[in-house]
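1. Quick check, what structure comes out for this input:
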Amino acid sequence: MRVLAFVISLLLLGGAVETESAWLVALSVVAGIAAFRLYPWRFFIPRPTFDVRMASFVLAVLLAVGAVDATKDWLIAMSIVSGVAAFMPGVISLEGGDDRHWRGRWGRRAWRWDRELWR
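-> Numbers count the residues shown, from 1 in each chain. Purely as a prediction, here's the structure:
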């Protein structure tokens, strides 16, 4: 979904699609799904992120409701924010980073078990 939001924002910036409300609403829906980590198998359990994905969602909603005009400057900002959210979402994070989650799942014990398996 994050890459789809980036592609839609690039299409809006490039002028391939008109900056009408339908495309801006689609952009905000896709960015919202990415920001709240909604998956089909647990759709009603939102887990909001507090990083660049949320900034992308907020900017998309501001563009969709008309709080800011969809001019070239705002579309450039949306493309930059959605690009960072698509490819480097943890660059600025208020959650403490995903490193702690990685260590909990694939910690020292998992690697030790794997080495013992190949002996």
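2. mind listing the helices in the chain by residue range?
-> 2-14, 21-35, 52-65, 72-87, 99-105, 108-117 (DSSP state H).
3. Grab the most central residue of the protein for me.
-> R53 (3.6 Å; C-alpha atoms, centre = their mean).
4. Contact partners for that one?
-> By C-beta atoms under 8 Å, 6 or more residues apart in numbering, the contact list for R53 reads R2, A31, A34, A35, A85, P89. C-beta coordinates here come from the backbone N, C-alpha and C atoms, glycine included.
5. repeat for V3
-> A86.
6. just K72 next, same as before
-> Neighbouring residues of K72 by C-beta under 8 Å, 6+ apart: L13.
7. How about the contacts made by the closest residue to A55 other than its chain neighbours?
-> Nearest residue to A55 in three dimensions, chain neighbours excluded: V81, at 5.5 Å (C-beta to C-beta, 6 or more residues apart in numbering). When contacts are counted by C-beta under 8 Å, 6+ apart, V81 is found next to V52, A55, S56, L59.
8. Would you mind writing the ChimeraX command to select the buried ones in the residues you listed?
-> This is the ChimeraX syntax for the buried subset of the contacts of V81, where burial follows 16 or more other C-beta atoms under 10 Å:
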select :52,55,56,59
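9. now, among the contacts of V81, which is nearest to Y39?
-> S56 (18.0 Å; C-beta to C-beta).
10. I'd like to know which helix or strand in the protein has the lowest mean pLDDT.
-> Least confident helix or strand, the chain: helix 99-105 with a mean of 47, by mean pLDDT, DSSP states H and E.
11. before we move on, back to that, what separation do you get for the residue nearest to the centre of the chain and S9?
-> 13 Å (C-beta to C-beta, to the nearest Å).
12. okay, now G90: neighbour count?
-> G90 has 13 neighbours, counted by other C-beta atoms under 10 Å.
13. Return the backbone torsion pair for it.
-> With angles defined as degrees, to the nearest 10, G90 sits at phi -90, psi 10.
14. was I right about it contacting F50?
-> No: applying C-beta atoms under 8 Å, one finds G90 not in contact with F50, separated by 10.7 Å.
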